[in-house]
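K.L.:
Have a look at this prediction, sequence included:
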Amino acid sequence: MSIDRETFDAASEGELADLSTPERVLGFLAAHADRAFEASEIASRTDLDPGAVSTALSRLKERGLVEHKATYWAVIDDPDRLESYSGYEHATALFDDQLGEEDSDAWREHAPDESHPTENA
């Protein structure tokens, strides 16, 4: 997985090395919480081994941190549960550094008033 130069310069070697495969996978999914991905795409976009990604996804699912439908994976929509996962804070901090911190007020302003029809099925 690539990181921007600012993150590279600001982070210690330990901070960059300490991010485990599950943390990287969860961080990627959290950074793209509005999407679901196939395991192969997660592996490709995070530069991780596909087998390691599949194992990480299974473990994250067992912990109730990701959801799985057909061949797609997505982060859960439960901020409290995510924040209780010890690796989540570390992963999201690195992704916030790369992508910018989420502005929840701006998100709510653009969020739909009604749920998506597939959520009612």
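P.N.:
That came through, no problem. Residues are numbered from 1 along each chain as shown.

K.L.:
measure Leu48 to Arg35 for me?
P.N.:
With distances taken as C-beta to C-beta, to the nearest Å, Leu48 is found 18 Å from Arg35. C-betas here are computed from N, CA, C, even on glycine.

K.L.:
Contacts only, for the residue nearest to Ala74 when sequence neighbours are not counted.
P.N.:
Spatial nearest neighbour of Ala74, chain neighbours left out: Ala36 (3.9 Å); criterion: C-beta to C-beta, 6 or more residues apart in numbering. For Ala36, the contact set (C-beta atoms under 8 Å, 6 or more residues apart in numbering) comprises Lys69, Tyr72, Trp73, Ala74.

K.L.:
What score does Ala36 have for pLDDT?
P.N.:
Listed pLDDT for Ala36 reads 96.

K.L.:
for the one 5 residues further on, same thing?
P.N.:
At Glu41 the predicted local confidence, pLDDT, stands at 96.

K.L.:
what do you get for Arg5?
P.N.:
Arg5 is given a pLDDT of 68.

K.L.:
you'd agree Arg45 is in a strand?
P.N.:
No - if the criterion is DSSP: H, G, I helix; E, B strand; the rest coil, then Arg45 is helix and not within a strand.

K.L.:
about what we covered before: any idea how far Arg45 is from the residue nearest to Ala74?
P.N.:
Distance of Ala36 to Arg45, computed by C-beta to C-beta: 13 Å.

K.L.:
again, but for Arg81
P.N.:
Distance from Arg81 to Arg45, by C-beta to C-beta: 24 Å.

K.L.:
Give me the secondary structure label for the closest residue in space to Leu57 that isn't next to it in sequence.
P.N.:
Excluding the flanking residues, the one nearest Leu57 by C-beta to C-beta, 6+ apart is Trp73, at 5.4 Å. The local conformation at Trp73, judged by three-state DSSP, is strand.
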